[in-house]
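Peer 1: Coordinates for the following, if possible.
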Amino acid sequence: MQALSVANCSFVYLLFATRLDFFSAIVTMGVGEISQPIRTRLGFHIVQLTDFMPARQMNFEAVQPEIRLTIKNEKRRAALQALTADLLRRAKIVRPL
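Peer 2: As a prediction, this is how the structure comes out:
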């Protein structure tokens, strides 16, 4: 099992911030504690909190690469959806009788 460090793994917030059950279990933990099994739609999770850093305001230079990547991925997703819609519109689908 791989231990997650909340301080080093910002993806924990991205994946689970909207999952109140998971988030509430983590915020009540102290450093070094291991959680009871937490059930989410992705399965069961056991978390060990190895570090804690208080929330802080980040400057633009620190988050700029992540913002650029997010925008790039959104553009790719939109282009893929447009391509898929165009291909489906132009496709001739034949179904056997």
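Peer 1: for this structure, which helix is longest?
Peer 2: In the chain, taking DSSP state H as the definition, the longest helix is helix 60-90.
Peer 1: For that helix, the averaged confidence score.
Peer 2: Regarding helix 60-90, the rounded mean pLDDT is 94.
Peer 1: how deep is Ser35 tucked in, by neighbour count?
Peer 2: Per other Cβ atoms under 10 Å, the neighbour tally for Ser35 reads 15. All C-beta atoms are positioned from the backbone trio N, CA, C, and that covers glycine.
Peer 1: any idea how far Ala82 is from it?
Peer 2: 43 Å (Cβ to Cβ, to the nearest Å).
Peer 1: ok, now Asn59?
Peer 2: If you go by Cβ to Cβ, the gap between Asn59 and Ala82 works out to 35 Å.
Peer 1: Which one of the two is surrounded by more residues?
Peer 2: Per other Cβ under 10 Å, whichever of Asn59 and Ala82 has more neighbours is Ala82, with 10 against 7.
Peer 1: Relative to Ile26, how far out is that one?
Peer 2: 38 Å.
Peer 1: Could you do Glu33 as well?
Peer 2: Taken as Cβ to Cβ, the span from Glu33 to Ile26 is 10 Å.
Peer 1: end-to-end on stretch 51-67?
Peer 2: 25 Å (Cα to Cα, to the nearest Å).
Peer 1: Can you give the distance from it to the centre of its chain?
Peer 2: From the chain centre to the centre of stretch 51-67 is a distance of 16 Å (Cα atoms, centre = their mean, to the nearest Å).
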